[in-house]
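Peer 1: Sequence and predicted structure are below.
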Amino acid sequence: MDADGVQGFIDALQSWVDDAEVERSDLYNLSSSWEEEPVEGVEEKLSVTTPYALGYTRAGSGDAFAAFGGRPASMADALGSLQQLVNDLQTRLDEAIAMNDSGITFGSTDGRVCYYLPDGVEDTTANVKAYNSGSLGDGAKDAEALQQAMGSKDGTAEDGRTVEEILDEMAEHQDVPTYGAAVVQAFGGVDGYLDNLLELQWDYNSVDKDGVLHVDRDGLDEAVDVLGRVLASATRSGKVPEGYDSWSDAMYQAVTVKGHRGRMSALNALMAVDGAVYDTDTLVDLADRMEDLPFDGSAASATPDSLQGWYDDDYGVLYDEGKALRDYSMDPLYGVTMAMGNNPEAAFKYLNPDGQMSGGQWVPGSSPRSGGSC
């Protein structure tokens, strides 16, 4: 929406409503001063049962809107409905401006701003708040709670929630871009988000009396599923991680920094989640970058929980690659190509860079990608 234009309309409508309310009040007071109504029924049309005030919200505006179509309604009802319209427009504009100021959704250089609503969700002020400023607040709150629960002795956050309860709550919002961006941002970006998963795996590990490590694979996989969907939605938010050119840049830098290449296993796990729809350009650009990284193992090779002491022809011997997600792939192309299974357009663009969408169908170009990296 045009922020300046919409605000100008809101201000003008509010001014008209305010002036009309003054006129209504004056007429009502004048009529009430007579012993008998000068015009029968006029006081009923002018009276108001709920005091008028700026920001006054009626329970419903159906009566007034019906009156505009020919059915009787009081002047107060009509003004109340117009005031509700002013309030609703202001809420939408405020949410759009707040989201764009935070970088969560796209704006434009000419002052146009937008708010986010998922497909199929009714455009009401309650939903606009829930999926925008509400999602930002909830995302930051849940991310903080998860870190608290992971770091506490009893496994609970300050609000009393356990890790599993927090993840259950996150699952309720996992596909909302504004929520996802807020969660990743609260962890300090992609680096912190991946490191959090590497730490979280220990919540699903136990050691028996013989010193044998046991992993609750189902529990860990469920956590990975939620966090993978959250990260995917974050890439669709329009907000680029601070300090990076793009989500793909942030992901690539996170898994290639010396001493932390074990993060590759965490990123692969998150990107391979079934149903996690990552941003198209993010996948294509990340795949291009990942092609240049060396790897000698199979696509689903098992990893230990840390990579110290591994030998690699390119990286050397006895290097410290940091923590890793046990039993998840270290193949640089594994996660990103698995994610393309949830985003066919990204797969088409990656395999056939000069093709294009036409009429909802992908039209191949003349220069398909060479090699067999997929």
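Peer 2: Alright, I've got the coordinates.

Peer 1: ok, which stretches of this protein are strands?
Peer 2: 205-207, 213-215, 356-358, 361-363 (DSSP state E).

Peer 1: State the phi and psi torsions of residue 122.
Peer 2: When read as degrees, to the nearest 10, the backbone of residue 122 gives phi -60, psi 140.

Peer 1: From residue 175, how far out is it?
Peer 2: 17 Å (CB to CB, to the nearest Å). Bear in mind the C-beta positions are built from the backbone N, C-alpha and C, glycine included.

Peer 1: more crowded one of those two?
Peer 2: Per other CB atoms under 10 Å, whichever of residue 122 and residue 175 has more neighbours is residue 175, with 17 against 8.

Peer 1: shouldn't residue 203 be in contact with residue 155?
Peer 2: Yes. Between residue 203 and residue 155 there is a contact under CB atoms under 8 Å: 7.2 Å.

Peer 1: got any residues that touch both of the two?
Peer 2: When contacts are counted by CB atoms under 8 Å, 6 or more residues apart in numbering, residue 203 and residue 155 have residue 163 as shared neighbours.

Peer 1: Of these two, which one has the most company?
Peer 2: The neighbour count for residue 203 versus residue 155, taken as other CB under 10 Å, is higher for residue 203 (17 against 14).

Peer 1: okay, now residue 32: neighbour count?
Peer 2: 11.

Peer 1: brain fart, residue 152
Peer 2: 13.

Peer 1: Now do the phi/psi pair for it.
Peer 2: phi -90, psi 160.

Peer 1: where's it relative to residue 202, distance?
Peer 2: For residue 152, the distance to residue 202 equals 13 Å [CB to CB].

Peer 1: got it, and residue 77?
Peer 2: From residue 77 to residue 202 the distance is 61 Å (CB to CB).

Peer 1: Who has more neighbours out of those two?
Peer 2: Neighbours per residue, other CB under 10 Å: of residue 77 and residue 202, the larger number sits with residue 77, 22 against 14.

Peer 1: What separation do you get for the more buried one and residue 243?
Peer 2: Distance from residue 77 to residue 243, by CB to CB: 54 Å.

Peer 1: Residue 200 too?
Peer 2: 24 Å.

Peer 1: quick one: which of the two has more around it?
Peer 2: More neighbours surround residue 200 than the other of residue 200 and residue 243, with 21 against 10 (other CB under 10 Å).

Peer 1: and residue 288, how many neighbours does it have?
Peer 2: Other residues close to residue 288 by other CB under 10 Å number 16.
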